[in-house]
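[1] With the input below, show me the fold.
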Amino acid sequence: MNQTFIRPEPEVVDALAKRYQDAKEALAQKKAEFESIEQEAVAMVTEHGIVPPYAEKSRRLTGKLAELTVTRGDTLTINDERVETLREALDANGHGAFFPKLFTLRSKYEVVEGAESALKSESLPKRLAEKVLNLWGRCISVKAKKPSLKVVLADPAKPAKKAKNGVPTDRSSSVGFQKGGAQ
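    Numbering: from 1, shown residues only. Below you'll find the predicted structure:
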């Protein structure tokens, strides 16, 4: 198979480069505009939104056709080396059985559900309890995530959705409205 390729004319290359550059600049402008609108929406929902049932890290604000929800989350990072130091300290003081109440080893350590309450309720000797609490605090770090924004636009041709309790989901029914910033 003998194919011959025709090299594009310099004008064609220039036109493609110009379209590329224009699109890149337009994309940057639209991205900046999007980020500005997103920040405005997050601020509005944070200030005026209500906390939905069973979603204490979220705030929701509804319009006639739109529902905006801002959810804030945290990332928990566990320092495996410090977890080992804590385990060794408990073992050395004859309280190794307390360690599984704080961490479990999967491919890496994970905080056990109820670890914080175990730290408060366990009757360790005072000096050891202080050391364990100090070491446990060094084992983990909590980092705030960027808030996520979910926008749902309703189709104006469809009837509005009712909440499970039968109350319409608009701003006029903001029972439990909490004035102020995010929690």
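
[2] list the contacts for the closest residue in space to residue 73 that isn't next to it in sequence?
    Excluding its sequence neighbours, the residue lying closest to residue 73 (C-beta to C-beta, 6 or more residues apart in numbering) is residue 145, at 4.5 Å. C-betas here are computed from N, CA, C, even on glycine. Residue 145 is in contact with 72-75, counting by C-beta atoms under 8 Å, 6 or more residues apart in numbering.

[3] If we use 10 Å, what do you get?
    Residues near residue 145 by C-beta atoms under 10 Å, 6 or more residues apart in numbering: 71-75.

[4] do residue 105 as well
    80, 83, 87, 99.

[5] Report the separation between residue 118 and residue 75.
    22 Å (C-beta to C-beta, to the nearest Å).

[6] between these two, who's got more neighbours?
    residue 118 (15 against 9; other C-beta atoms under 10 Å).

[7] Which of the three states applies to residue 67?
    Classification of residue 67 using DSSP: H, G, I helix; E, B strand; the rest coil returns strand.

[8] again with residue 77
    strand.

[9] if I pick it, what's in contact with it?
    Shown in contact with residue 77 (C-beta under 10 Å, 6+ apart): 139-143.

[10] which phi and psi does the residue most central in space within the chain have?
    Nearest to the mean C-alpha position of the chain, counting by C-alpha atoms, centre = their mean, stands residue 73 at 3.3 Å. Dihedral pair for residue 73: phi -140, psi 170, per degrees, to the nearest 10.

[11] For the biggest helix by length in the chain, which helices and strands make contact with it?
    Secondary structure of the chain read by DSSP state H shows that its longest helix is helix 10-48. Other elements packing on helix 10-48 under the criterion 3 or more C-beta pairs under 10 Å, 6 or more residues apart in numbering; DSSP states H and E are strand 58-62, strand 66-71, strand 148-153.

[12] Name the stretch among those strands that sits most buried.
    For the helices and strands packed on helix 10-48, the largest average neighbour count (mean count of other C-beta atoms under 10 Å) is found in strand 58-62, namely a mean of 21.
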